[in-house]
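Trainee: following is a predicted model, sequence given first.
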Amino acid sequence: MEKYLALRKELSNKSQTFQTQGQQFKDVSQRNRELEDRYQHGLQELALKEKLLQQALLEKSVLEKTLEDGGGPQHSRLVTELQERLQQSETRKARLEEDIRRLQQSALQVPAVSSDPKNSGRSAALEHQVAQLHAELKDSREYVQELQQELAKANITDPLSSSARGSVLKHVFPASLDAAGTLKVLGTSPDNKKIAYLESSRQQQRLFIFNNVTGQTVRIGEWADSSVQYARLAWAFDSEHFLFAAGSPQNYTLYLGNSRSMLGQAIVLPEAYIAFAWSPTQLRYAYLSGANLIVKNLQQQTLSIRIGHQPGLQENSLAWSPDGQQIAFCGKRGASFDIFLLNVADNAPSPEPLVASSSDDLQPSWSPDGRYVAFYVRTGRYDTKVAVSPSDKSRTPYIVGHNASLPPERGPLWLSGAEVAYVGEEHLLAAQNSVYVVNVGTGQRSSAPLSMLLGR
């Protein structure tokens with residue numbers, strides 16, 4: 001009997017323990033569901049943040065490109081100065097017209113026939129003043145017309161000017177474009193005289209180049225709409241030649257052309273990503289093809305360099321040094337992507353590591369004086385830093401910025417030989433983020449809201 005009671009007590013205890021564990025399991029399951037919901041909600045917020053940020057970065061890249069092409073603050077000051085001069089001339093013209101009207105009324109008050117010599121002298125003086133004012137008014141009107149023409153010309157060469165956009169849309173892009181189509185400006189030539197753009201409709205996509213000096217538009221090429229999911233164009237330093245990449249992952253094509261037509265044979269690149277860039281000093285260009293880095297000139301003379309790496313994650317993962325002697329690129333030898341330097345001036349160039357770490361080092365960009373290479377360091381999907389390395393390896397690479405966004409088409413932006421700019425990814429809404437400028441020598445950092453730049 002005692003054993004029976006002991007067994008019942010033991011079973012009762014185990015039952016209570018089981019019930020307690022069952023409740024704990026339910027509680028844990030509920031917490032897991034709540035955490036999963038919060039995790040999914042967080043992923044949605046991050047996806048939204050990434051999308052908004054990329055949209056903002058597209059606008060930022062236009063601003064950066066405009067600054068690089070010389071269409072920035074200096075050009076805006078020129079337009080403002082012309083507008084002020086035009087306003088002053090319009091005011092002077094209005095004042096002259098008022099003076100003429102007043103003097104003509106005074107002349108009407110003088111009798112037409114009078115023996116009084118005072119009236120005759122007064123009439124002659126008024127007529128002389130009116131004649132002088134008419135001459136001044138004529139000069140003023142001509143000056144106003146000259147200013148208006150100069151202002152219109154200045155506005156056309158300013159890619160960010162609303163007047164320029166209106167002029168381009170009205171006089172450049174064809175009026176017959178299908179309403180369902182789109183226009184994408186691919187880039188302005190370094191001398192600001194040519195604009196390359198892609199016209200997309202339901203049936204096809206066509207590449208055009210508009211010369212804003214002659215007013216002529218030339219169709220360079222066309223493709224079936226479904227064949228061009230990606231398009232990027234890079235101008236050579238001579239403002240005449242360009243490289244145009246089009247296609248989709250594993251099916252890219254690289255074209256060489258000038259402002260009149262395509263040149264040579266197209267290059268098919270079955271790569272997941274595409275990378276290409278012009279030399280800043282010579283008419284030759286480089287691109288990544290599998291485990292090779294290819295350098296070509298306009299005559300299609302080719303230098304193929306075995307780099308033995310998986311190409312970089314980003315399509316602009318190679319960059320020429322300002323003197324055109326070296327190429328920085330990111331490649332993968334081990335478990336992560338690193339930055340390498342290639343001296344193309346050597347007889348037998350071989351890539352040398354500039355940065356090697358356990359993180360992914362991406363998208364190198366040279367300082368204007370060639371002393372530094374800036375790049376992004378990615379340690380996680382949403383953890384990106386900005387780092388700098390002396391190109392002569394005199395110092396180990398060091399971090400200059402945190403919480404950076406990773407733009408799709410460029411490395412960190414150099415403002416001078418000592419200052420680099422990047423977008424800080426610190427808020428859900430992209431427009432709430434800031435543009436940071438860091439002095440790579442002192443580490444001093446300043447910032448401005450991205451919304452201030454996008455609102456200009």
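Mentor: Right, received. Where do you want to start?

Trainee: and the closest residue in space to Leu243 that isn't next to it in sequence, what element?
Mentor: Take Leu243 and drop its neighbours on the chain: the residue closest to it by CB to CB, 6 or more residues apart in numbering is Ala234, 4.9 Å away. For every residue, glycine as well, the C-beta is placed using N, CA and C. Element membership of Ala234, judged by DSSP states H and E, is strand 230-235.

Trainee: next helix or strand past that strand?
Mentor: Taking DSSP H and E, what comes next after strand 230-235 is strand 241-248.

Trainee: what residues sit buried inside that following strand?
Mentor: Using 16 or more other CB atoms under 10 Å as the test for burial, strand 241-248 gives 241-247.

Trainee: what does stretch 331-348 give?
Mentor: 331, 337-342, 344.

Trainee: one step back: turn the buried residues of strand 241-248 into TSV, including distance to Ser447 and pLDDT.
Mentor: Output for these, formatted as TSV (distance: CB to CB, whole Å; pLDDT from 0 to 100):
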residue	distance to Ser447	pLDDT
His241	38	95
Phe242	35	94
Leu243	35	94
Phe244	36	92
Ala245	34	90
Ala246	37	87
Gly247	38	85
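
Trainee: for these, which one is nearest Ala196?
Mentor: Nearest to Ala196 among the buried residues of strand 241-248 is Phe242, at 6.5 Å by CB to CB.

Trainee: what about the closest residue to the closest one other than its chain neighbours, neighbour count?
Mentor: Computed as CB to CB, 6+ apart, the closest residue to Phe242 that is not its neighbour in sequence is Trp235, at 5.1 Å. Neighbours of Trp235 under the rule other CB atoms under 10 Å: 21.

Trainee: give the contact list for Ala421.
Mentor: 412-415, 435-438 (CB atoms under 8 Å, 6 or more residues apart in numbering).

Trainee: related to what we said a few turns ago, the residue nearest to Leu243 and Asp27, how far apart?
Mentor: 59 Å (CB to CB, to the nearest Å).

Trainee: point out where the stretch 351-456 of the chain drops to low pLDDT.
Mentor: Low-confidence segments of the stretch 351-456 of the chain, defined by pLDDT under 70: 381-382, 408-409, 425-433, 448-456.

Trainee: tell me where it has helices.
Mentor: 450-454 (DSSP state H, counting those that start in this stretch).

Trainee: now swap in the chain and tell me
Mentor: Ranges of helices within the chain are 2-68, 73-108, 117-156, 162-171, 450-454, based on DSSP state H.

Trainee: picking that back up, thought the residue nearest to Leu243 was touching Trp278?
Mentor: Yes. Between Ala234 and Trp278 there is a contact under CB atoms under 8 Å: 5.8 Å.

Trainee: what about those two, which has more around it?
Mentor: Neighbour totals were compared for Ala234 and Trp278, and Trp278 leads with 20 against 17 (other CB under 10 Å).

Trainee: wait, doesn't Ala374 sit right on Arg410?
Mentor: No. With contact defined as CB under 8 Å, Ala374 does not reach Arg410; the gap is 10.7 Å.

Trainee: which neighbours do these two have in common?
Mentor: Ser365.

Trainee: quick one: which of the two has more around it?
Mentor: Comparing Ala374 with Arg410 by other CB under 10 Å, the one with more neighbours is Ala374, at 27 against 16.

Trainee: tell me the contacts of the residue nearest to that one when sequence neighbours are not counted?
Mentor: Using CB to CB, 6+ apart and skipping residues adjacent in sequence, the residue nearest Ala374 is Pro412, 4.0 Å away. By CB under 8 Å, 6+ apart, the contact set of Pro412 is 363, 365, 374-376, 386, 401, 420-422.

Trainee: what's the answer for Arg31, then?
Mentor: Arg31 sits in contact with no residue, where contact means CB under 8 Å, 6+ apart.

Trainee: rewinding a little: what do Ala234 and Trp278 both touch?
Mentor: Shared contacts of Ala234 and Trp278 (CB under 8 Å, 6+ apart): Leu243.

Trainee: which stretch in the helices of the chain is the model least sure about?
Mentor: Ranked by mean pLDDT, the helices of the chain bottom out at helix 162-171, with a mean of 40.

Trainee: mind checking which of the buried residues of stretch 331-348 are in strands?
Mentor: In strands, judged by DSSP state E, the following of the buried residues of stretch 331-348 are found: 331, 337-342.

Trainee: from Ala231, how far out is the residue nearest to Ala374?
Mentor: 24 Å.

Trainee: same question for Pro364.
Mentor: 23 Å.

Trainee: between these two, tell me which one has more neighbours.
Mentor: Pro364 (27 against 17).

Trainee: give me the spatial nearest neighbour of the more buried one, chain neighbours excluded.
Mentor: Ala328 is the one closest to Pro364 (CB to CB, 6+ apart), at 4.0 Å.

Trainee: let me see the contact set for the one you found.
Mentor: 318-319, 321, 339-342, 354, 364, 366, 373, 391.

Trainee: swap the cut-off to 7 Å and go again
Mentor: Contact analysis of Ala328 by CB atoms under 7 Å, 6 or more residues apart in numbering lists 318-319, 339, 341, 354, 364, 366, 373.

Trainee: need the max-distance pair from the residues you listed.
Mentor: Between any two of the contacts of Ala328 (CB to CB), the greatest distance is 12.7 Å, for Leu318 and Leu354.

Trainee: how's the chain carved up into domains?
Mentor: 51-71+271-456, 76-156, 176-270 (automatic domain parsing).

Trainee: Trp278 and His241: what is the separation?
Mentor: 8 Å.

Trainee: go on, Arg31?
Mentor: From Arg31 over to His241 (counting by CB to CB), the distance is 62 Å.

Trainee: list the beta-bridge partners for Val268.
Mentor: Thr253 (DSSP bridges).

Trainee: kindly apply the preceding question to Val437 instead.
Mentor: Residues in beta-bridge contact with Val437 (DSSP bridges): Ala421, Ser446.

Trainee: that one is in contact with Ser416, isn't it?
Mentor: No. With contacts counted by CB atoms under 7 Å, Val437 stays clear of Ser416, the gap being 9.6 Å.

Trainee: many thanks, we can stop here.
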